[in-house]
Each structure stands twice: as C-alpha cells, then as structure tokens.
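1. Following is a predicted model, sequence given first.
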Amino acid sequence: MRVLEDQRGDIDWGLWGTYLPDRQWGTVRECYCPSLDAWRSFTHDQSRSRVYRWGEDGLLGLSDRHCMLCFAPSFWNHRDPILKERLFGLANHEGNHGEDVKEVYYHLLNTPSHSYAKGLYVYPIQAFPYDELVDANQARARTEAEYELEDTGVFKELGAFHCYVEYAKNHFNDLLIRITVENQSQFSAPITILPTLWIRNQWDWGYPEIQKGSIRPGEHHSLDISSIKGVGPGRFRYEELEEYSFYCDQPNSWIFTDNETNHDVVFSQASKTPYTKDAFHRFVVDGQSNAVNAVGGTKAAMVCQRELSAGESWTICCRLSQIATDDPFGGEFDVMMRRRAMEAQQFYAASFQALELEPSGQHYATYCAASAGLLWSKKFYSFNVRRWLKGDPGHPVPAEQRKLTDYANWKYLNSTGLFLMPDAWEYPYFCKWDLMFHAVACADLDPALAKQQVNILRTSEYAASNAQVPAYEWAFSDVDPPLGAWAAWRVFTTDRSRRRDGDWDFLVDAWRLLLVEYGWWANRTDRTGHELFDGGFLGLDNISPFDRRYPLKDGRRIEQADGTAWMAFLTLYMLKITVAIDQHDGLADVSEMVNRFKMSFINLVVTMNHADERGYQCWDPEDQFYYDLLSSADGRAEYVKVRSLTGVIPLLAVQSFSKEEVEYDQRLDIDEFRRSYSRFYSQDAFYDSIHHLGRYGTGRYLYAVVSPERLRQICRWLFDEDEFLSPYGIRSLSKHYQDHPYRYDVAGETFQIEYTPADSPVSMFGGNSNWRGPVWIPINYLLIEALQEYFRALGRDFLIEYPTGSGQYLNLEQIASDLRNRLLALFAADESGLPPFVPPGSYRDTHRELVPHLLFHEYFNGDTGQGVGASHQTGWTAMVRRLILQCS
C-alpha cells in the first residue's frame, strides 16, 4: 500500500531510506590526485577527518534520497584508537585479492518503502586489529587464503557486542530509530554509543546558491535541524529538505561540530574552524574537551556510555520528525516499532503465499534475506563528471592529465540518485550489467524501482553522445554484456503476471532507449563485415588467458565466441519486445523493426555457425564446443581451446514464438524464410547454418544460435562432473584445467590458465573477482532460463544424459530444475548444520545462533560452495529470489 501511495504521488514514502552508502572513501569520484590512484588518494584513515565531495558514508545508516541529512550510529569499545563509525576494509593494494571489507555485519530485514529496516553489526569487545589485518594480508601471496577478522582471534578472548539498528516510519516524515547493543561475552564490558546526525557538506564548494545549514539544541532536549538546500537530480536542479527535529531518549548532553575537513591532520595546513569532522573521535577517545562545540554545528551526537554485564542488552531510542510532539517516546513509539516489524514480516509471507508457497523453511528464509540485502544495497550515488574534471570554484584546479583520460569522454555524465549497488562496500557505485540483474531480482519486490533501474543509464544524464551506456566508475567505457533488453522484458513480464495488464508505457519507453543503444552495439560488431564482436572484456574479467580488451603483442586479435553470442542475445530480446509491442492493440506500428531484428539475428546465427566467408568459425567440430579465436591479418585463425563459459554463452541466445504470434505476423515464420532461401540459393552453407530454426513438435518456433544437435554436444561437457557440473551449479571454467593447465606462448611470453575454484590467482581487473572455476549465480540463472526456453520449443521427448556418464536421461525442464536446486543448496544447511557458503572458522560458523542470518557472496567455490569475493553482493546474487519463485 505504501509503495502504491508513493508511486501515485500521494505520500512520499521513499523520501527516507537506508540510502547512506557503506563506503565513500577510496572511490574515483573522491579522487583528486594527478595519478587517479583513488585508493591512496582518499584513505580509510582520512575518512574520519576529511569531508567528502560527492556523498557520505556510515554504519547501517539512514538518509533522505538526496543524502542531504544523514543519520548513523557510532560505537566505541573503550579499546579502539577511533570510533567505529564506518565499516573497515582493505584498499585494493592492501589485500592479496584486492579490496575487501573486514567486518561482520548482516542485513536482516527491509521493505520496498523502507517502512521498516533492521541490520546487525558485530563489534569486537577487544581492540579492533586494524594494522594486523592490513599487514597480514599484504604479506600473503595471491595463492594463499585471505586473512579475515576472525583469524586474528579478536572474538575468542572477549567476544563481541551485537549491535542491532532498526528504523521504522510512523509517517513518511516521522522516523523511529532503535539501537540495541547486546553483550555476547562472558564478561562485563563498557560500550559507548553515539547516535549521530549530520548535514552533508555541499556548501563548501564555491556555489552561493547552497548555504550552510545548522543543527542546534531545541526545546525538550531535542535538536532543531534547519532547512537544507542541495543539488538535486538533473543538470540545473536544486532540492530543499524542510526543517526537522531530532530526539533521543537518553539524558545525556548533545555535542556538536562541523562537517568540515581537519586540514591540520589531513594536509598539514591550518583548518578553517576548530570544530571539524573528526571532533567526536577526539572528544570521546582522546578526551579533548575543546574539540566539540556546545551551541551547534552541522554534525551532532549524544555520547551514551554504559557498562554491560555478560548477556545484558541496552536499547537507545531516537526519532527524526517533522511532526511536533511533546512525548516522542510514549507508548506510540514501541507500538509502531512492533507494528512496522510485523508488517514487514507479513509482507514477505503474503508474497510467498500468493505463489502458493509456504512461508517457512529454508527457501523462505533465503527469499527474505535476499530481499533485505537487495534493498539495503539501494544507495545514494552522486557524480558530476564535468565538474569533477574542471574542479570547483575557489578550489585547486585538478591536474590537466585527467582531461586526457577516458573520463573526458563522459563529461556529460551527471548522476544524483539512488542505485541498487552490487555490494555497497566493495562496489559502491552503479555497474551496468550488474544493475540489469538487480532490476530483474527486484521486479516482483518493487516493480517501480525495477523499471527505473532498467532505464536510468540509457537516459541523457548518463549515456554518451554516441549512445554508449556507462559501465562503472573505474572504467565508464568498458564493454559489458548487453542485458538491457532482457532485463526490460523480464521486468515487464514479471509485473504483467501480477496485474491485470502489463505496463506497456514502460516497455515502449525502454524499447525506444534500447533502440538507440542497439545502434552503438551494431557498430561495434561490424569491424570485419562479418557481424563479429570487436573487443571488450564483456564482464567475465579474467576468464581468458589473455586480456580480451586488447590485441596480442604479435598483432593478432581475439574474436570472442561470447561477444557475438551476446549480440545475438540482445537482438533476440529486442525482437521479442518489438513483436509484443507490434501485436498489442493499437500501441505502435513497429512491423518493419520486427523484420529488421529477425534478419539481424539470422545473420548473427550464420556468423557463429558457418565458415564460408571467413574460412573459419567459432564452433570447433573436433571438440564440439565454441571457442574464442585468434585471428591474423592474413586471414588465418586459431582456436583458443579453453572450455569456459565463453563457449556456453551461445546457448543463452534462444527464444521461441507461439503459433499465434507467427500467424499474426508471417515474417516470424522462419520455416517459410528457409524455404524461400533454398528456392533462390539452394541448400548451401548459409542454409545449413540456420536449418534448426523453425517450428518443432510443440508448435513453437525456435530462434536459437545453437541447434538442438549442438546443444547436446555442449551439454556433454556442461553436465560432466569432471568438467563444469559442480554440486552447486555450473562452474565458470572446466575442472579439467586443474591438472592440465592451458598454456600459450606469444612473442616470448607464456600465458596460462588453470582451474582455480575460489579466489583469483591473477591481478587482472583488480584481482578481486575470478571466472576461472567458481560458480556465478547470474550466469547460472541465464543458463537455466535458456534450458527452459529450449524445453518449451523441443518438448518432453528431447532428452540429454545428466550428469554425463550417469546413464540417466532427463528432459531440459528436469535438468533446469536440478540446476536450480544445486544453486539453492548453497544457502541450505547441510549435514554439518551450516549452509555450504559459510567459511569454516567464520563468526557465523562459531556462533550457531546466527544460522538464520545469510550472506550473499559475489561467487562461490566451484568445489565446496564456500562464499568468495564481496560478501554482501546481494546485488546479482539476489537472483536466488527468482530461483525460489520458480519453485511455485
């Protein structure tokens, strides 16, 4: 109901949410050094003393949608040298596998309107081992395991505080906050809690339109927050947040400072004010009484301290409101907290029951946890590239060399908004192809958000003048798989299944934006005139022995099997959308585009499957698998015989059309097209390469790059447990290369790839992701969809041996179902009582009371299922929600 009220514009329920980013330091947008070394330019150590230019961060925090006013708790265990006000992690150069958060925390619950949200932070009672974590990880080789917080023994001696943070909305502008700390140790221990409120610094950058706001003591022990003006969405818009009051139920005094840089600490220069961003650290930890202001500022907190005995808990309540009240913590407060928590649980239970699923058991727990993590990953992101390149008035001009970087090609990118981020600490920015998975994962949960996320990067605020869509902050021009049409179609059909009719306005808007982007993609595939994809790493970072973005030293180029297949995938979904629009009553006449996409797809199928014009093809008839090719200027080509997901991606380019759709538009009748072709040109190689397209016994018309015959051959590799098939899904690289590494010599340099089921063995692309063996849920999901689509066309009688060598033959729907169950098994307790994703020795392993709390890792060990990479990537790993929904 609240989401609908928000969509209609009746009540702005989305004004506030858990939008405060987890990390702002170490990002490109905050980097102003000549070398663009973002990790060293703005460090974690500086973050407590230095003001951010483009955002804020905090621990399980809250903000308005424009991040003008922020709230987050800070904690101190009376042993640390600093307050715990943000998550700690390693910079890219400090970790043996790149950047990595070194904390224990969980996203427990959240709703689409953020009417209720709950998170848990586990804070060591013993001093947090900041230096030890950095030193130990820097000393480790890439082949060694990462040194985690639990490895330091910090939890063994004194235990930890469990710090719960809850938010509930009494109304859209009346927010209830509850912080509960539990002493989980066997000893008494002191804890200091600082409920902290601050205004993002937008006044210090030379723009007179934005004035400094204030937070000052109010009546009845409250705080009065002035109205705040800041930059809004769009190029020339400002937003204003009206006045608020803040309350805390503790009797302590308020302390104040300003959200200003401590220049003395950061730059060894005189500060403009004695009251700086790090004042609360100096006041609480260092005992500097003159560090804080007693009368007001732009940052405020209450210092609440207590000794907690073993097992004791302590709750602090706060309220941020525009609604006048003389009794902010009366009976209404607890009643509303309980009501919103109950409503959140009822929301997910009702969603499950609507699918005729029982709201209990492991699937339900996984569904709720993935939903919470996805919504906790919706964060504020701001970056005006033109302003970043030029610098701000009255501030040092950025180095000229940054204008010579690729960022100059994106000078019109201007972002101020909310994004579903991959992992709000490790990847605190939008990532194009990740975002498409996030939108699809969110489609049933918050359809309006899903639609907005699908389209946003193709709008004029983001897309380049040549229609390229930005990839991600570190490299906007990188080329990722084109999932936009797939995501738009999935969001549309998911929404259509839950309402009387689909949101055709959304689909048409998405289609128009995708048409423009499609032209950019088409231009990238025609370097040779053979519809071949030309360059780009396509999101599968280190899956090749070579960096696929560049030619080799000897001049040969990599022709990517998955590149051309992704283009076919895009084209098919553009065709699917175009057919739907064309056949919807009176919507638009796009019939010519139906034919255009059909012919483009046929040409791509031919490119993938026959060698007439080039003399070679991506399909290796000897191995019966698709491989990348190394092509020379003289027309010769050589297979890169590495069995990886690149050879499986062609399977994803599959769709089918019903008899009714084809009768409506005869141009979809691919059988008639083949017959007409053979009458003019006879049955040549072109004809042979598309012979599998057409109507099958089910009555559906198959459009697919891979023929059913080749599908069988690829599946022979894919479902071999010594190759791709693991207990937890399909591996990204064949296990064959564990004992038989692939090596290739080029110009005196040896390139090698071997099966590595967990962390990345190489530093390529930052070194913090690995496509050389682990299981990745998003690609597994697309594969399951593809098998289901083949099943719709080929029917129950099309059987494949599964697993390979077992003598058991199943149809494709049965195989898809088993693959789905293997993926879901990652989150279900096994005979040990723990889900496979839980690393041995982790805090969750040693504290079994946390068994219901789930993490959604970036990828998973191809042998054991252990979670690897970013630990809170409930971005695309939230696709497990879709897998669960398929169980209905």
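-> Noted; the coordinates are in hand.

2. for the stretch 151-300 of the chain, what spans make up the helices?
-> Applying DSSP state H, counting those that start in this stretch to the stretch 151-300 of the chain gives helices spanning 154-158, 263-267, 279-284.

3. So for E531, what's the pLDDT?
-> E531 is assigned 59 on the pLDDT scale.

4. wait, D562
-> We have a pLDDT of 84 for D562.

5. What of the one 3 residues further on?
-> Per-residue confidence at A565 stands at 91 (pLDDT).

6. Please name the nearest non-neighbouring residue to it.
-> P650 (4.1 Å; C-beta to C-beta, 6 or more residues apart in numbering). The way it works is simple: take the backbone N, C-alpha and C, and place the C-beta from them, glycine included.

7. Would you map the helices across the stretch 651-800 of the chain?
-> 659-664, 670-681, 685-689, 708-718, 777-794.

8. Using a markdown table, lay out these together with mean neighbour count, mean pLDDT and distance to Q886.
-> Output for these, formatted as a markdown table (neighbours: other C-beta atoms under 10 Å; pLDDT from 0 to 100; distance: least, C-beta to C-beta, whole Å):
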| stretch | mean neighbour count | mean pLDDT | distance to Q886 |
| --- | --- | --- | --- |
| helix 659-664 | 14 | 94 | 23 |
| helix 670-681 | 13 | 80 | 28 |
| helix 685-689 | 17 | 78 | 33 |
| helix 708-718 | 19 | 98 | 20 |
| helix 777-794 | 22 | 98 | 8 |
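
9. Can I get those in JSON lines including distance to A829?
-> Below are the helices of the stretch 651-800 of the chain laid out as JSON lines (distance: least, C-beta to C-beta, whole Å):
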{"stretch": "helix 659-664", "distance to A829": "45"}
{"stretch": "helix 670-681", "distance to A829": "48"}
{"stretch": "helix 685-689", "distance to A829": "48"}
{"stretch": "helix 708-718", "distance to A829": "28"}
{"stretch": "helix 777-794", "distance to A829": "19"}
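
10. Nearest to K598, out of these?
-> With respect to K598, and counting by C-beta to C-beta, the nearest of these is helix 670-681 at 7.8 Å.

11. Could you export the closest one as CSV, CA atoms only?
-> Once non-C-alpha atoms are left out, helix 670-681 reads as follows in CSV (Å, rounded to 0.1, in the frame of the first residue of the first chain):
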residue,chain,number,x,y,z
ILE,A,670,11.3,-18.9,-40.2
ASP,A,671,10.4,-22.1,-42.0
GLU,A,672,9.0,-20.1,-44.8
PHE,A,673,12.1,-17.9,-44.9
ARG,A,674,14.3,-21.1,-45.2
ARG,A,675,12.1,-22.4,-48.0
SER,A,676,12.3,-19.2,-49.9
TYR,A,677,16.0,-19.0,-49.4
SER,A,678,16.6,-22.5,-50.7
ARG,A,679,14.5,-21.8,-53.8
PHE,A,680,16.8,-18.9,-54.7
TYR,A,681,20.2,-20.1,-53.5
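
12. Now do that helix: which elements does it pack against?
-> In terms of contacts (3 or more C-beta pairs under 8 Å, 6 or more residues apart in numbering; DSSP states H and E), helix 670-681 is packed against helix 591-609, helix 685-689, strand 694-695, strand 701-704.

13. Please tabulate these in a markdown table, including the columns distance to E749.
-> A markdown table is the format used below for the helices and strands packed on helix 670-681 (distance: least, C-beta to C-beta, whole Å):
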| stretch | distance to E749 |
| --- | --- |
| helix 591-609 | 30 |
| helix 685-689 | 36 |
| strand 694-695 | 47 |
| strand 701-704 | 38 |
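
14. nearest to E307, of the helices of the stretch 651-800 of the chain?
-> helix 777-794 (44.7 Å).

15. which residues touch the closest one?
-> Applying C-beta atoms under 8 Å, 6 or more residues apart in numbering, the contact partners of helix 777-794 are 437, 645, 648, 651-652, 654-656, 696-698, 700-702, 704, 708, 711, 729-730, 732, 798, 811-813, 815-816, 819-820, 823, 859-860, 876-877, 879-880, 882-883.

16. got it, and stretch 836-844?
-> Residues outside stretch 836-844 that contact it (C-beta under 8 Å, 6+ apart) are 104, 122, 148-151, 155, 160, 728, 825-827, 830, 834, 845, 850-851, 853-855, 857, 860, 864-867.

17. got it, and stretch 128-148?
-> Residues contacting stretch 128-148 (C-beta under 8 Å, 6+ apart): 77, 79-81, 84, 88, 90, 94-97, 100, 102, 149, 151-152, 154, 759-763, 767, 839, 842.

18. leaving aside the residues next to it on the chain, what's closest to H107?
-> W376 (4.0 Å).

19. Run a quick neighbour tally on the closest residue to I558 other than its chain neighbours.
-> Leaving aside its chain neighbours, I558 sits nearest to R548 (5.1 Å; criterion: C-beta to C-beta, 6+ apart). Taking other C-beta atoms under 10 Å as the criterion, the count of residues near R548 is 24.

20. thinking again about what came up before, could you pull up phi and psi at the residue nearest to H107?
-> phi -70, psi -20 (degrees, to the nearest 10).

21. And G519, by the same measure?
-> phi -60, psi -40.

22. ok, now which ones touch it?
-> Contact analysis of G519 by C-beta under 8 Å, 6+ apart lists A467.
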